[in-house]
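Asks: predicted model and sequence follow; I will ask about them next.
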Amino acid sequence: MKNRVVLITGSTSGIGLGMAHAFAREGAHVMLHGLGDPAEIEQQQLSLAETYGVTVGYHSADARVATEMTELVAATEVQLGSLDILINNAGVQFVSPVEDFPEERWTQIQDVIIGATFHATKAAIPGMKQRGWGRIINLVSAHGLVASPFKSAYVAAKHAQVGFTKSVALELAETSITCNAICPGYVLTPLVEAQIEAQAKVHDMPRERVIKEVILAAQPTKRFITVEEVAALAVYLSGDQAGSITGASIPIDGGWTAR
């Protein structure tokens, strides 16, 4: 990873920030992206740079806007000199029965998840081809492989990411660019914390019951996946040793999709 450049969308918290640390620890330069308090994000940049001795940039592109995602890729190449590894991690969630699902929420989820994945990938591929190497990783979810009730927009977007991963991998199969999807089960991140709260309202349950009976009900290990486990898989898929792994959707879900 030393001196590779990685752009991780949605990396100012949760899994994205954990991956930023994992790649920086291996010597990669990192472009952070996402929402948050500007002072906190600046501190994250400084901490990563000082701790690991790498260059860390930041861009606040709106994941819902095609032109801003294109600008994010261009800014990475200009500020950090390259873009070797693209990790499409930005996400958003909303829980509701289909008949009550707000249309604006449906559109937001599609734009942030599959729209941003498409636009960033499209913008990144030409440079990767020119440099003769690249890694594209889509941080999907077990919900890209199976469904749950009340999450129609998220499940649809995540299934679309899996299909997109396969198509891109086939298009790039004769290059040194791979495209894979990581499909985690439940990781205890701010996004999942919000889901716990939303599910508690939908099911009229206390938080601990939601975790046990709803969130982790399908996860046979009955524990949350860790950010570090997901990050380690992303680092592996980004290495030269993973050059023959492409078009794969790899579960890291405590046995959820083994059922």
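Replies: Great, that's in hand.

Asks: switch to C-alpha atoms for all contacts and neighbour counts from now on
Replies: OK.

Asks: now the helices for the stretch 51-200 of the chain?
Replies: Ranges of helices in the stretch 51-200 of the chain, per DSSP state H, counting those that start in this stretch, are 66-80, 103-110, 116-131, 152-171, 190-203.

Asks: reformat the ones you listed as CSV; add mean neighbour count and distance to E228.
Replies: What follows is these, written out as CSV (neighbours: other Cα atoms under 10 Å; distance: least, Cα to Cα, whole Å):
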stretch, mean neighbour count, distance to E228
helix 66-80, 19, 24
helix 103-110, 16, 26
helix 116-131, 19, 23
helix 152-171, 20, 21
helix 190-203, 16, 15
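
Asks: between the ones you listed, which gets nearest to A49?
Replies: Evaluated with Cα to Cα, those place helix 66-80 nearest to A49, the distance being 12.9 Å.

Asks: give me the contact list for that closest one.
Replies: Residues from elsewhere that reach helix 66-80 (Cα atoms under 8 Å, 6 or more residues apart in numbering): 5, 7, 29, 31, 55, 57, 59, 61-63, 82-83, 115-116, 119-120, 123-124.

Asks: what average pLDDT does the strand ranked longest in the chain get?
Replies: Secondary structure assigned by DSSP state E gives strand 177-184 as the longest strand of the chain. For strand 177-184, the mean per-residue pLDDT is 98.

Asks: that strand pairs with which strands?
Replies: strand 134-139 (parallel), strand 249-252 (parallel) (DSSP bridges).

Asks: now that strand, how far from the chain's geometric center?
Replies: Computed by Cα atoms, centre = their mean, to the nearest Å, the chain-centroid distance of strand 177-184 equals 10 Å.

Asks: stretch 29-48 now?
Replies: Using Cα atoms, centre = their mean, the offset of stretch 29-48 from its chain centre is 16 Å.

Asks: measure that stretch end to end?
Replies: For stretch 29-48, the first-to-last residue distance is 10 Å (Cα to Cα, to the nearest Å).

Asks: return the set of buried residues in it.
Replies: H29, V30, M31, L32, H33, G34, L35, I41, Q44, Q45, L48 (16 or more other Cα atoms under 10 Å).

Asks: picking up where we left off before, who's in contact with the longest strand of the chain?
Replies: Taking Cα under 8 Å, 6+ apart as the rule, strand 177-184 contacts 128-129, 132-145, 161-162, 165-166, 168-169, 172, 225, 230, 233-234, 237, 243-253.

Asks: with just CA atoms, put that strand into PDB.
Replies: C-alpha atoms of strand 177-184 as PDB (Å, rounded to 0.1, in the frame of the first residue of the first chain):
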ATOM      1  CA  ILE A 177      -8.100  -3.000 -12.400                       C
ATOM      2  CA  THR A 178     -10.400  -5.100 -10.200                       C
ATOM      3  CA  CYS A 179     -13.800  -4.300  -8.900                       C
ATOM      4  CA  ASN A 180     -15.300  -6.100  -5.900                       C
ATOM      5  CA  ALA A 181     -18.000  -5.700  -3.300                       C
ATOM      6  CA  ILE A 182     -17.700  -6.200   0.400                       C
ATOM      7  CA  CYS A 183     -21.000  -7.100   2.100                       C
ATOM      8  CA  PRO A 184     -20.900  -6.700   5.800                       C
END
